[in-house]
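*Asks:* Provided below are the primary sequence and the corresponding predicted coordinates.
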Amino acid sequence: MEPVTELLAGWLPRQRWFAGKGRAIDEISIATATELRAADPALHHLVLAVRQGEDVDRYQLLLGMRGELPDRLRPGEIGRMSGPNGPWLYDAAHDPRATRDLLALMAQGGVVGPLRFHHAPGMAVETGLDGVVGTAEQSNTSVIFGDSYICKLFRRLSPGINPDLEVNLALTNLGCAHIPAVHGWIELEGSGGPGLADDEGATLALLSEFLRTGTDGWQLAITSVRDWFARSLPPGAEPDPGLAGGDFAAESERLGAATAAVHRDLASAFGVTRQPVAGMRAAAEGMHRQLAEVCREVPEIGPYAGAITAAFDAFAGLVGEPPFQRIHGDLHLGQAMRTDTGWVLLDFEGEPARSPGERRAVSHPLRDVAGMLRSFEYAARFLLADEEHTSAEGARELEMRAHAWAARNRAAFCRGYAAAGGADPAAHSVLVRAFELDKAVYEVRYEARNRPSWLHVPLRSLAHLGERTG
Ligand SMILES: Nc1ncnc2c1ncn2[C@@H]1O[C@H](COP(=O)(O)OP(=O)(O)O)[C@@H](O)[C@H]1O
Ligand SMILES: O=P(O)(O)O[C@H]1O[C@H](CO)[C@@H](O[C@H]2O[C@H](CO)[C@@H](O)[C@H](O)[C@H]2O)[C@H](O)[C@H]1O
């Protein structure tokens, strides 16, 4: 390997966003290199092709080069090139000087080599703002510009338009109040080298309105759960989380209403197709396929496979032609922010493990509802991890409290969703149950691969979902 790619081979596996951790890197090549600034500090945009066995993944990197690396840029340090005056290489997402250039190029609608910079029609892009890399746990890298914008730099590139841009732009054009407005984006024109399909290009970045007053739905929900767990109950009293100080049900209901509004706008922007019986069978086959794969990979799911299979069969047997449309695809509490004006949904990229085609495919909107219902289960149950340190009686009580919290918030979310015009989840129990189980199966694999200490969360709720009748 050349010196640059050698340095990158050591640096990439240490990055949170690198998807190939735990597998050897066989080769790194530079698929495209675009000079954005020649003088020190120099700036190049790179698309890296990383080969690991049979797989070649593309990643983008803003590569900065400086004779000296100031301390404030150390978080982005990649390494120093050899030679007496070898320059320092660093990830320039951390360099406000470099990210200011990106903002200016989006404001101008600039073109540099294969890079196309855009601002959204009718939207201003204020320039000269200093960018700071966000600290949220995420799969890409986001740079926050003052109180104004957040720019997500997609790290692993997939061919074609990224659904996060596609959906947010369409909903911005409709004036949807429940998504952050799109202000600009960057795309790579052409193939970006072998591996990205010819002529399709790729979305490199999305510049959105920064939700200054926003708080993560997951954080709000678990604060409510903690509050409820800590509240003492008179002996023999019915567990009622509505009596706890941090009750979340009114927010869950509003979140349901916001989800229904987003679904309505998605239907207007992209249309609705009636799914014939054959399409439903094909969807059920996908569910069975994932279950079979996960059973092989995570044997702990085995005891629940029978009940799950029966629910998927019931789904396949549904009659009628349900309406399918574009949906969020990976909706959970961490993808929703409560701002001072209401709930906003984020990150329309779909589930990270799905192919680009699957992420953009239509589905039933109740699949998103099921995703959020799973998230209420997660919020209620993930604190039960330390149960082994509690007495059997204490564990039973916590379980009862978790169940009561999840049931109250699930019901509130469904109420809000149906009241705002969404399909009533209670009237579609076979669909919702199959979607919830499918999501739980996905989560078993996700947790086994990414957070093994959380595996008990979907496994336990599979035990409960298996029992539930509707
Ligand atoms: N428009 C926004 N305003 C404020 N914070 C945001 C905004 N978009 C995203 N975030 C924050 O960044 C986090 C990661 O965003 P997300 O789009 O989910 O990134 P990724 O796809 O890389 O995981 C979110 O959980 C949220 O905390
Ligand atoms: O946010 P991402 O698009 O990266 O989604 C992936 O990671 C999520 C976890 O960060 C994962 O969500 C699961 O854990 C959540 C709690 O952390 C919980 O609220 C969700 O219900 C649960 O599915 C998501 O599945 C995965 O695709």
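*Replies:* Ah, there it is. Ligands and ions are numbered 1, 2, ... in the order given.

*Asks:* setting aside sequence neighbours, what's the nearest residue to Arg433?
*Replies:* Ala311 (5.2 Å; C-beta to C-beta, 6 or more residues apart in numbering). All C-beta spots, glycine's among them, are computed from the backbone N, C-alpha and C.

*Asks:* report the buried residues of the helix or strand harbouring that neighbour.
*Replies:* Element membership of Ala311 [criterion: DSSP states H and E] is helix 305-316. For helix 305-316, burial by neighbour count (16 or more other C-beta atoms under 10 Å) applies to 305, 308, 311-312, 315-316.

*Asks:* can you give me the helices in the stretch 201-350 of the chain?
*Replies:* Along the stretch 201-350 of the chain, counting by DSSP state H, counting those that start in this stretch, helices occupy 217-230, 249-270, 277-297, 305-316.

*Asks:* the longest helix along the chain vs helix 249-270, what angle?
*Replies:* Assignment by DSSP state H gives helix 392-419 as the longest helix of the chain. Computed with axes from the mean of the first three to the mean of the last three C-alpha atoms, to 10 degrees, the direction of helix 392-419 lies at 40 degrees from that of helix 249-270.

*Asks:* between helix 217-230 and helix 392-419, find me the angle.
*Replies:* 140 degrees.

*Asks:* helix 392-419 close to ligand 2?
*Replies:* No - judged by C-beta under 6 Å from any ligand atom, helix 392-419 makes no contact with ligand 2; its nearest approach is 11.3 Å.

*Asks:* okay, the helices of the stretch 201-350 of the chain, which one's buried deepest?
*Replies:* helix 249-270 (a mean of 21; mean count of other C-beta atoms under 10 Å).

*Asks:* tell me which other helices or strands that helix touches.
*Replies:* helix 163-173, helix 217-230, strand 323-325, strand 336-339, strand 342-345, helix 366-381, helix 392-419 (3 or more C-beta pairs under 8 Å, 6 or more residues apart in numbering; DSSP states H and E).

*Asks:* now these as JSON lines including mean pLDDT?
*Replies:* Below are these laid out as JSON lines (pLDDT from 0 to 100):
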{"stretch": "helix 163-173", "mean pLDDT": "97"}
{"stretch": "helix 217-230", "mean pLDDT": "95"}
{"stretch": "strand 323-325", "mean pLDDT": "95"}
{"stretch": "strand 336-339", "mean pLDDT": "98"}
{"stretch": "strand 342-345", "mean pLDDT": "98"}
{"stretch": "helix 366-381", "mean pLDDT": "97"}
{"stretch": "helix 392-419", "mean pLDDT": "92"}
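
*Asks:* among the ones you listed, which is the most enclosed?
*Replies:* By mean count of other C-beta under 10 Å, these have helix 366-381 as the most buried, with a mean of 25.

*Asks:* quick one: list the elements packing against it.
*Replies:* helix 217-230, helix 249-270, helix 392-419, helix 429-450, helix 456-467.

*Asks:* before we move on, back to that, run through the buried residues of helix 305-316 and flag the ones next to ligand 2.
*Replies:* Among those, not one lies near ligand 2 by C-beta under 6 Å from any ligand atom.

*Asks:* next one: the residue nearest to Arg433 from ligand 1, what distance?
*Replies:* Taking C-beta to the nearest ligand atom, to the nearest Å as the measure, Ala311 falls 29 Å from ligand 1.

*Asks:* from the stretch 51-200 of the chain, which residue is nearest to ligand 2?
*Replies:* Ser139 (4.9 Å; C-beta to the nearest ligand atom).

*Asks:* how many residues are close by that residue?
*Replies:* 14 (other C-beta atoms under 10 Å).

*Asks:* now do the contacts for the residue in the stretch 351-470 of the chain positioned nearest to ligand 2.
*Replies:* In the stretch 351-470 of the chain, the residue that lies nearest ligand 2 is Ser375 (3.4 Å; C-beta to the nearest ligand atom). By C-beta atoms under 8 Å, 6 or more residues apart in numbering, the residues touching Ser375 are 218, 221, 331-334.

*Asks:* dump these into a markdown table; add distance to Gln60 as well.
*Replies:* Shown next, in a markdown table, are the contacts of Ser375 (distance: C-beta to C-beta, whole Å):
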| residue | distance to Gln60 |
| --- | --- |
| Trp218 | 28 |
| Ala221 | 33 |
| Leu331 | 26 |
| His332 | 26 |
| Leu333 | 29 |
| Gly334 | 24 |
